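J.: task: produce atomic coordinates for the following.
(one chain, ligands or ions: 2)
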Amino acid sequence: MILNKQLSHVLLNVRHSVRHKSSQSFKLVIAGGGTAGLSVANQFSKILGKGNIAVIEPSDVHYYQPMWTFVGGGIKSVNDSRRPLSELISPECTVIRNKVAQFNPKENEVKLEDKSTINYEYLVVALGINMDLNKVKGLKEALKTEGVCSNYMVDTVGKTWESIQNFKGGNAIFTFPNTPIKCAGAPQKIMYLADDYFRKVLRHNKRDKAKIMFNSALGVIFAVPKYASTLNEIVKKRNIELNFKHNLIEIKPEKKEAIFEKLENGEKVSFQYDLLHVTPPQRPSEILSPLADAAGFVDVNKETLQHQKYKNVFSLGDCSNAPKSRTAAAVAAESGVVVENLNACMNKKEMKEKYNGYTSCPLITSYNTVVLAEFDYNLKPLETFPINQGIERKSMFWMTKDVIPFIYWNLMARGRWRGPKVFRKLMRLGRSE
Ligand code: FAD
Ligand code: UQ1
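T.: Ligands and ions are numbered 1, 2, ... in the order given. Here you go, the predicted structure:
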């Protein structure tokens, strides 16, 4: 009896490992089912049909991360930002709930964490960018203590809203790290919401008791001069202190102290905080190395989005080295280029689509205003609407809070949105951009 039980246990384990060490083949494999992977998978499902596309994605929930600024500001809930992946992805696609452990582009295969192998004819890499919490000493522990929060992770974004509400005055510091990050506007959007909340929402006028600081590793408030000049006026008007070339290196939560390195001379300066919103340093996944440039991002042609060396590989989104500002809006435009060019490649045709670096950053500047920045690789504004988007507008707040999430869930996530290019052309009625 006992022997029988042991035997069947051994057999079960063997069967289990055989199943997991097997290999499967697909015409198209998409590594990562986030914003970029999902959009490309759903667009391609209409071209390739059932059984030809595999999406490798460990999570069964999909997040609309741009909503996390609204969650941190208490306008939306984490729940509003999430949907089951199975509700969004086309049934034509095979979802492999696992993680890529290794890329072997010479063999046209990826190895998964469960040791199985997936072979492909064509590969799209869309792994996003990772938070590098260890780069700031004490950050992991500090995030569990009072007043330290971050909109950049699903498990810490709720604490931002708690910290803003619990703030009683003192120093409120908002950081920007010394690495590439996704949505370069997000570190300051939450600061403007906090400022507005302290001013308007609280009855005891806590704003007078607050010193708000933006401590950024960068040397300017925003890369595009048109929007930077508006933001510089806003911080001046709202009495926000800018400390540029300040890089957060350590947090001592027991003393409520944040230590920054001044990038100009290496000097270390300590700031007392009562609220500390951290944008963590970020880095591409190490497993990308066989496909990566020296900085670790997937090495693509910035116009075609095809890999520089492996012509059956394409990449888009936060993990690629196309020198755009990393946003979901950029992904929308990139997705159309990847789908068209990869399809041309599959059919041995010439690749015609060129990505111009289009990206957009809705700069939320209060509880009812947004400066809707849209620009290209050359940091040249490329605005959709025939009005000046370089000023704070209530209409753009409504667009960002309600219209764009609707577009995301109903069009982009379902493979039916390649960005607002068509509307831009229509609304400008032939006028120059
Ligand atoms: P992600 O959407 O992050 O997806 C990457 C996927 O890869 C994930 O699902 C992950 O599970 C998966 N993955 C990781 N490792 C592996 C592995 N080894 N194997 C398999 N799968 C793996 N963008 C805007 O356009 N507008 C905004 O207002 C805006 N605001 C933002 C505010 C915040 C606070 C944040 C955090 C982001 C914001 N963004 C905004 C940026 C936007 O969310 C990202 O640029 C976008 O999600 C990038 O898409 P992606 O597919 O490259 O990465
Ligand atoms: C956009 O297309 C997009 O992708 C869905 C975003 O991601 C969240 C954006 O933030 C923005 C601003 C756009 C651009 C769309 C319009 C209508 C201007």
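J.: can I assume residue 180 is in contact with residue 281?
T.: No. Using CB atoms under 8 Å, residue 180 makes no contact with residue 281, being 9.3 Å away. Quick note: C-beta positions are derived from backbone N, CA and C, even for glycine.
J.: for ligand 1, what is the nearest residue in the chain?
T.: Scanning the chain for the residue nearest ligand 1 gives residue 34, at 1.7 Å (criterion: CB to the nearest ligand atom).
J.: how close does that residue sit to ligand 2?
T.: Counting by CB to the nearest ligand atom, to the nearest Å, the gap from residue 34 to ligand 2 is 13 Å.
J.: name the nearest residue to that residue, sequence neighbours excluded.
T.: Distance criterion CB to CB, 6 or more residues apart in numbering; nearest residue to residue 34, sequence neighbours excluded, is residue 128 at 5.1 Å.
J.: pLDDT score for the one you found?
T.: pLDDT recorded at residue 128 is 98.
J.: kindly confirm my reading that it is in a strand.
T.: No. Under DSSP: H, G, I helix; E, B strand; the rest coil, residue 128 sits outside any strand and is assigned coil.
J.: the helix or strand hosting residue 194 close to ligand 2?
T.: Taking DSSP states H and E as the criterion, residue 194 maps to helix 186-196. No. Under the criterion of CB under 6 Å from any ligand atom, ligand 2 is not reached by helix 186-196; the shortest gap measures 11.0 Å.
J.: what comes into contact with the helix or strand following that helix?
T.: Proceeding C-terminally, helix 186-196 gives way to strand 210-216 as the next helix or strand, assigned by DSSP H and E. The contact list for strand 210-216 (CB atoms under 8 Å, 6 or more residues apart in numbering) reads 167, 169-176, 187-188, 191, 194-195, 198, 221, 235, 238-246, 248, 258, 260, 271.
J.: repeat for stretch 144-156
T.: 63, 68-69, 71-72, 78, 81-82, 131, 142-143, 157, 159-160, 162-163, 166-167, 186, 190, 251, 253, 256, 273-280.
J.: same question, stretch 224-243
T.: 188, 191-192, 195, 199, 211-216, 220-222, 260, 361, 363, 365, 371, 373, 375, 379, 381, 390-392.
J.: filter the residues you listed to the buried ones?
T.: 188, 191-192, 195, 199, 211-216, 221-222, 260, 361, 363, 365, 371, 373, 375, 379, 381, 390, 392 (16 or more other CB atoms under 10 Å).
J.: now do the strand or helix carrying residue 164 against helix 186-196, angle only.
T.: Per DSSP H and E, residue 164 falls inside helix 157-166. Note on geometry: by axes from the mean of the first three to the mean of the last three CA atoms, to 10 degrees, helix 157-166 and helix 186-196 are set 30 degrees apart in direction.
J.: is helix 157-166 in proximity to ligand 1?
T.: No. For helix 157-166, no contact with ligand 1 is found by CB under 6 Å from any ligand atom; the gap never falls below 7.2 Å.
J.: and if you look at stretch 116-126?
T.: Yes. Judged by CB under 6 Å from any ligand atom, stretch 116-126 and ligand 1 are in contact via residue 126.
J.: using CSV, write down the CA coordinates of that stretch.
T.: Output of stretch 116-126 as CSV, limited to C-alpha atoms (Å, rounded to 0.1, in the frame of the first residue of the first chain):
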residue,chain,number,x,y,z
SER,A,116,10.9,24.4,-20.8
THR,A,117,11.9,25.8,-24.1
ILE,A,118,9.8,27.8,-26.6
ASN,A,119,10.9,28.0,-30.2
TYR,A,120,9.9,30.9,-32.5
GLU,A,121,10.2,32.1,-36.0
TYR,A,122,9.7,35.7,-34.9
LEU,A,123,10.1,37.3,-31.5
VAL,A,124,8.8,40.5,-29.9
VAL,A,125,10.5,41.6,-26.7
ALA,A,126,8.4,43.7,-24.3
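J.: buried set for that stretch?
T.: 116-118, 120, 122-126.
J.: just how off-centre is it within its chain?
T.: Centroid separation between stretch 116-126 and its chain, computed with CA atoms, centre = their mean, to the nearest Å, is 22 Å.
J.: which residues pair with the most centrally placed residue in the chain across the strands?
T.: By CA atoms, centre = their mean, the chain has its centre lying nearest to residue 182, at 4.5 Å. Per DSSP bridges, the residues bridged to residue 182 are residue 326.
J.: show me the contacts for it.
T.: Applying CB under 8 Å, 6+ apart, the residues contacting residue 182 are 65, 128-129, 282, 318, 326-327.
J.: swap in 6 Å and give it another go.
T.: 129, 318, 326 (CB atoms under 6 Å, 6 or more residues apart in numbering).
J.: what does the model give residue 1 for pLDDT?
T.: At residue 1, pLDDT is 41.
J.: ugh, typo on my part, it should be residue 178
T.: With respect to pLDDT, residue 178 has a value of 98.
J.: burial measure for the nearest residue in space to it that is not next to it in sequence, as a count.
T.: Once flanking residues are discounted, residue 178 sits nearest to residue 217: 3.7 Å by CB to CB, 6+ apart. By other CB atoms under 10 Å, the residues close to residue 217 number 20.
J.: ranges for the helices of this structure?
T.: When assigned using DSSP state H, the helices of the chain occupy the ranges 2-20, 35-48, 68-72, 85-88, 139-142, 157-166, 186-196, 225-237, 328-346, 394-398, 404-407, 421-427.
J.: for these, which one sits closest to residue 104?
T.: Within the helices of the chain, the stretch nearest residue 104 is helix 2-20; the backing value is 18.0 Å (CB to CB).
J.: so residue 368 makes contact with residue 393?
T.: No. Using CB atoms under 6 Å, residue 368 is not in contact with residue 393, being 9.6 Å away.
J.: hmm, back to that, distance of the residue nearest to residue 34 from residue 232?
T.: 31 Å (CB to CB, to the nearest Å).
J.: pick out whichever of the two has more residues nearby.
T.: Between residue 128 and residue 232, residue 128 has the larger neighbour count (other CB under 10 Å), namely 19 against 14.
J.: phi and psi next, for residue 32.
T.: In terms of degrees, to the nearest 10, the main-chain angles of residue 32 are phi 100, psi 130.
J.: about what we covered before: now the helices of the chain as TSV including distance to residue 94?
T.: Listed next are the helices of the chain as TSV, based on distance: least, CB to CB, whole Å:
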stretch	distance to residue 94
helix 2-20	15
helix 35-48	10
helix 68-72	29
helix 85-88	12
helix 139-142	36
helix 157-166	31
helix 186-196	33
helix 225-237	42
helix 328-346	18
helix 394-398	39
helix 404-407	27
helix 421-427	31
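J.: count the residues that sit near residue 179.
T.: Quick note: residue 179 (other CB under 10 Å) scores 16 neighbours.
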